[in-house]
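Asks: Below is the sequence, then the predicted model.
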Amino acid sequence: PNGCARPYMAELAFVGDGNKSYQLWVGGAPNQTRLAFPILDRVAESSIEQTLEPLFAYYTKQAKAGEAIGEFWSRVGKDGLLSFSAEYAAAS
């Protein structure tokens, strides 16, 4: 179902936190059995693609066979995602 609580259960969600600015939430489950968690605040609308690129790259490289993206992000956790994102940006 869609509603005001939906972003907090999604595998990937954006919640507005200012003018053209969003919180990034990840790790929820499609069957609504696991809540998402916030990993970034104040993501500018103009930088959404470059913010997501390392998260998708990490999933592509490290996910277990058949592992859903929300499940992977939940397993890796906020610190793991932010660490990989920082290393990814430095290598680019």
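Replies: Here it is on my side, so go on.

Asks: and residue 34, what does it touch?
Replies: 9, 27, 28, 70, 74 (CB atoms under 8 Å, 6 or more residues apart in numbering). Heads up, the C-betas are built off the backbone N, CA and C, glycines and all.

Asks: go on, residue 85?
Replies: 51, 54, 55, 58 are the contacts of residue 85 under CB under 8 Å, 6+ apart.

Asks: just so I have it, where are all the strands in the chain?
Replies: With DSSP state E as the criterion, the chain has strands at 12-18, 21-26, 37-44.

Asks: buried set for the first one?
Replies: To tie it back to what came earlier, the one meant is strand 12-18. Neighbour-count burial for strand 12-18, counted by 16 or more other CB atoms under 10 Å, picks out 12, 13.

Asks: Packing partners of it?
Replies: strand 21-26, strand 37-44 (3 or more CB pairs under 8 Å, 6 or more residues apart in numbering; DSSP states H and E).

Asks: could the strands of the chain go into a markdown table alongside distance to residue 80 and mean pLDDT?
Replies: Shown next, in a markdown table, are those (distance: least, CB to CB, whole Å; pLDDT from 0 to 100):
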| stretch | distance to residue 80 | mean pLDDT |
| --- | --- | --- |
| strand 12-18 | 16 | 93 |
| strand 21-26 | 11 | 96 |
| strand 37-44 | 10 | 97 |
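
Asks: In the chain, where's the longest helix?
Replies: helix 69-91 (DSSP state H).

Asks: Indicate which one of the strands of the chain is closest to residue 83.
Replies: Residue 83 lies closest to strand 37-44 among those, at 11.1 Å (CB to CB).
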